[in-house]
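Student: Next input, structure requested:
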Amino acid sequence: MILAGLFRRKSGEDHAGAVYTAIVSAARRPVLYEAYKVADTLEGRFDMVILHAYLVLDRLKTGDLAAQTFAQELADRIFLEMDRNFREMGVGDLSVGKRVRKLAEIFYGRIGAYAPAILEGEIGLAEAFRRNVYPDGVEPAALQGLVQYALAVRKGLAGLDPAQIAQGQLRYPEVSP
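Tutor: You can find the predicted model right below:
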């Protein structure tokens with residue numbers, strides 16, 4: 001049937017969905033909320049989605065053109081899922097766009113903070129997390145734990161080929177407190 005192919009998803013969309021699912025799964029790790037004291041709220045969970053997405057996007061930018069193109073597909077998928085989640089929560093159509101725009105500003109603001117901070121290592125990341133993840137303060141051990149966690153995840157992702165990630169093959173490294 002000719003019409004059957006019209007409704008298939010592009011393969012990149014399927015891969016972006018798989019990577020998005022892996023990002024959300026990693027952002028839900030209990031260690032983030034228990035040991036590293038990230039607020040177990042919508043905002044805290046969104047911060048962890050942003051962190052994990054940033055680490056993947058950072059890895060993808062080191063790949064070839066296909067990996068870099070996939071990075072944009074992944075970012076698009078993240079915002080598509082935000083839109084879908086708002087609609088499922090019953091947010092009215094007129095305000096969904098405004099809310100997604102606000103979250104996009106936060107998303108790109110955090111990425112703008114993390115990109116230079118990660119190049120500075122522990123000190124830079126600690127300051128970025130203090131401002132963004134822990135604006136109300138945090139115990140030094142929890143802050144240092146999240147910094148070490150992020151660096152360990154980044155190191156683990158460095159061992160993955162960006163082309164594999166673009167094919168939906170993303171496994172976050174296991175990191176213990």
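
Student: Find the centremost residue of this protein, please.
Tutor: A53 (2.0 Å; CA atoms, centre = their mean).

Student: separation between it and H15?
Tutor: Separation of A53 from H15 (CB to CB, to the nearest Å): 15 Å. No exception for glycine: its C-beta is placed from N, CA and C like everyone else's.

Student: Got phi/psi on the residue nearest to the centre of the chain?
Tutor: Phi and psi for A53, reported as degrees, to the nearest 10, are phi -70, psi -40.

Student: That one contacts V24, doesn't it?
Tutor: No. The pair A53 and V24 does not pass the contact test of CB atoms under 8 Å, sitting 9.2 Å apart.

Student: low-confidence ranges in this protein?
Tutor: 1-13, 83-97, 100, 177 (pLDDT under 70).

Student: Which elements pack onto the longest helix anywhere in it?
Tutor: In the chain, taking DSSP state H as the definition, the longest helix is helix 93-119. Judged by 3 or more CB pairs under 8 Å, 6 or more residues apart in numbering; DSSP states H and E, the packing partners of helix 93-119 are helix 42-60, helix 65-88, helix 122-132, helix 140-158.

Student: Tell me which of these sits most buried.
Tutor: helix 42-60 (a mean of 21; mean count of other CB atoms under 10 Å).

Student: Once you drop chain neighbours, what's closest to I111?
Tutor: In space, and not counting its chain neighbours, I111 is closest to Y54: 5.1 Å by CB to CB, 6 or more residues apart in numbering.

Student: for the one you found, what are its contacts?
Tutor: For Y54, the contacting residues are 110-111, 114-115, by CB atoms under 8 Å, 6 or more residues apart in numbering.
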